[in-house]
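Undergrad: I would like the atomic coordinates for the input below:
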Amino acid sequence: MAAKSGKGGAAVFGTLAPLLGSWTLDTSQATLDVTGYAEAGARAVIAGVSQWSGTAEGFIDASVDVDLTDALMTVSLTDSDATVGSMVYTGNVILTSVSYSSSADGLCTISISFDGTGALTSTGT
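TA: Numbers count the residues shown, from 1 in each chain. The predicted structure is shown next:
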């Protein structure tokens, strides 16, 4: 299988599209233990609640102000500009933190953390 470049990826939060250069998406599925006598000592589980969260990092666009006041928004994460094999993840998120950083000898940066609420959908080409 060939490796894929993240070039052309994107992260859009509601109507905000800061100058982001990377993002991460973490998904997990909880399990519920339903082991009983019938399992004869072997653990048995069923699917529980799924959850997803992530971060995005990049540079501060002087025209964009990320405000936690209205922290519920839609997110769209695109992994690359590949014409075949590109994935787009979408869902509703609550922004949990926004961190700004500035350096006298560098650019101003932003880091956004979020928790998904509801289902995460993925579409690919």
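Undergrad: Just name the shakiest helix or strand of the protein by mean pLDDT.
TA: Taking mean pLDDT, DSSP states H and E as the measure, the chain has strand 10-13 as its least confident helix or strand, at a mean of 85.
Undergrad: can you dump the C-alpha coordinates of it into PDB?
TA: C-alpha atoms of strand 10-13 as PDB (Å, rounded to 0.1, in the frame of the first residue of the first chain):
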ATOM      1  CA  ALA A  10      -8.100  21.000   6.000                       C
ATOM      2  CA  ALA A  11      -9.800  21.600   9.300                       C
ATOM      3  CA  VAL A  12     -12.900  23.900   9.300                       C
ATOM      4  CA  PHE A  13     -14.700  24.700  12.500                       C
END
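Undergrad: Can you mark which positions in stretch 112-125 are buried?
TA: Within stretch 112-125, the residues that count as buried by 16 or more other Cβ atoms under 10 Å are 112-114, 116, 120. Any C-beta I mention is one placed from the backbone N, CA and C, and that applies to glycine too.
Undergrad: can I get those in TSV with distance to G36 and pLDDT?
TA: Shown next, in TSV, are those (distance: Cβ to Cβ, whole Å; pLDDT from 0 to 100):
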residue	distance to G36	pLDDT
I112	44	90
S113	40	93
F114	38	94
G116	33	96
L120	32	96
